[in-house]
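> Okay, sequence plus prediction incoming.
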Amino acid sequence: MATGKLDAEAAIKRNPHPDFNKVQAERPPFDQSSKWHFTQTPKPSWKPGEGANDPSHLSESHREIDPYAEGRPAVHNYKLLISGIVPRPIGFVSTISKDGKSTNLAPFSYFSLISHDPPLFTLGFSGGMDRPKDSLSNLVSTKECVLNIISEEFIEAANFCSINAPLGTSEWSFGGLHPAKSKVVRPDRVQEAVFSIETQLVETREWESKVTPGKKTGVLAIVEGVRFWVREDAIDEEGVLIDPAVSGYCVQRVRDRVC
C-alpha cells in the first residue's frame with residue numbers, strides 16, 4: 001500500500017468515526033420493510049410566485065467562505081463540498097490494463113451524466129497524470145471502461161472496493177462480485193449491477209492546484225456510452241424506463257470512503 005495514499009487519508013479524515021464498527025453497532029438494522037414509493041411534492045397547492053414552502057428560514061444568516069482564503073486547506077473545501085452536494089451518484093468503474101494482465105474495480109463519487117445524445121458521462125480522479133490511480137491509468141491506456149450502477153444488495157462489496165490496494169491488485173476478488181463479458185469494450189461489467197454502461201474515452205483534462213501552484217490535483221475524464229446492459233426484471237418492454245423499486249439504487253456512501 002502506497003505511503004503517500006495513507007498519508008493523504010490521515011490528512012483528509014473522510015471517515016469521521018475512528019471506530020466505525022462500534023458506531024454501526026449502535027444503529028438500528030437496515031430497514032428493508034420500507035419499499036420504494038412515489039409521493040406528492042411537499043406542497044401540491046404551491047402557485048407561481050409563492051416562493052419557499054417555509055419562509056421562516058429567510059431570517060437565518062449565511063456565512064461567506066472564500067475557497068482560496070489564506071490558511072484554508074484544500075481538504076476543507078473537499079469536506080464542505082461532499083457534505084453540501086448530496087445525494088450524489090456513485091460510479092462503480094471497471095477497467096483493464098493495456099496488456100490485459102490486471103483489472104480494477106473502484107467506486108467514484110465524482111461521477112455524473114452530462115448528455116444523452118451522445119450519452120456522455122464525467123469521472124473525476126484525484127491526483128494528476130504523474131501519479132495516476134489504477135483506474136485512470138487503465139482508462140487512458142485502453143480508452144475504455146464500464147460504469148456500473150450500485151444497488152443496495154451489494155453496497156458492502158462495492159464500498160470495500162475503495163480500499164487502497166497495492167498497484168496492479170484487482171479489487172474484484174476483495175468485493176467478491178462477478179465479472180460478466182462486455183460486448184464492445186474489453187473491461188468486464190459487474191454481473192450484480194442492474195444497470196451497466198460500456199464506455200469509450202472521449203477526452204481528459206488535468207487540473208492544477210490554485211493553493212499550491214504547479215501541483216496537479218485532479219483529472220476530468222469524459223466517456224461516451226456505447227452499450228447499455230439492464231437487468232430484464234428492471235426494464236420495461238420498450239427498453240426505456242428502469243423501475244427504481246427493482247433497481248434499489250444507492251446514491252449515498254456508507255462510510256464516506258470512496259474517492
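Received, thanks.

> Three-state assignment for Ala106, please.
When classified by DSSP: H, G, I helix; E, B strand; the rest coil, Ala106 comes out as strand.

> How about the secondary structure of Asn21?
Classified using three-state DSSP, Asn21 is helix.

> Can you name the helix or strand that Thr95 falls in?
Assigned by DSSP states H and E, Thr95 belongs to strand 91-96.

> chain center to that strand: distance?
Remark: strand 91-96 is offset 10 Å from the chain centroid, using C-alpha atoms, centre = their mean, to the nearest Å.

> tell me what it is packed against?
Packing partners of strand 91-96 (3 or more C-beta pairs under 8 Å, 6 or more residues apart in numbering; DSSP states H and E): strand 103-108, strand 119-126, helix 134-142, strand 144-149, strand 189-190. Glycine gets a C-beta too; all of them are placed from N, C-alpha and C.

> What are the contacting residues of the shortest one?
The contact list for strand 189-190, computed with C-beta atoms under 8 Å, 6 or more residues apart in numbering, reads 92, 94, 105, 146, 148, 154, 177-182, 196, 198, 229.

> By neighbour count, which of the residues you listed wins?
Most neighbours among these, by other C-beta atoms under 10 Å: Ser94, with 31 neighbours.

> ok, it to His57 distance?
To His57, Ser94 is 43 Å away according to C-beta to C-beta, to the nearest Å.

> ok, now Asp117?
The value you get for Asp117 to His57, if C-beta to C-beta is used, is 39 Å.

> Who has more neighbours out of the two?
Neighbours per residue (other C-beta under 10 Å) separate Asp117 from His57, with His57 holding more: 8 against 5.

> and that one, helix, strand or coil?
Per three-state DSSP, His57 ends up helix.

> what about it, distance to Ser45?
20 Å.

> Check Asp31 too.
31 Å.

> low-scoring stretches of the stretch 51-200 of the chain, by residue?
Along the stretch 51-200 of the chain, segments meeting pLDDT under 70 span 168.

> how far does stretch 200-219 stretch from start to finish?
16 Å (C-alpha to C-alpha, to the nearest Å).

> just stretch 35-51 next, same as before
End-to-end distance (C-alpha to C-alpha), stretch 35-51: 31 Å.

> Could you check how far that stretch is from the centre of its chain?
Distance, centroid of stretch 35-51 to centroid of chain: 29 Å (C-alpha atoms, centre = their mean).
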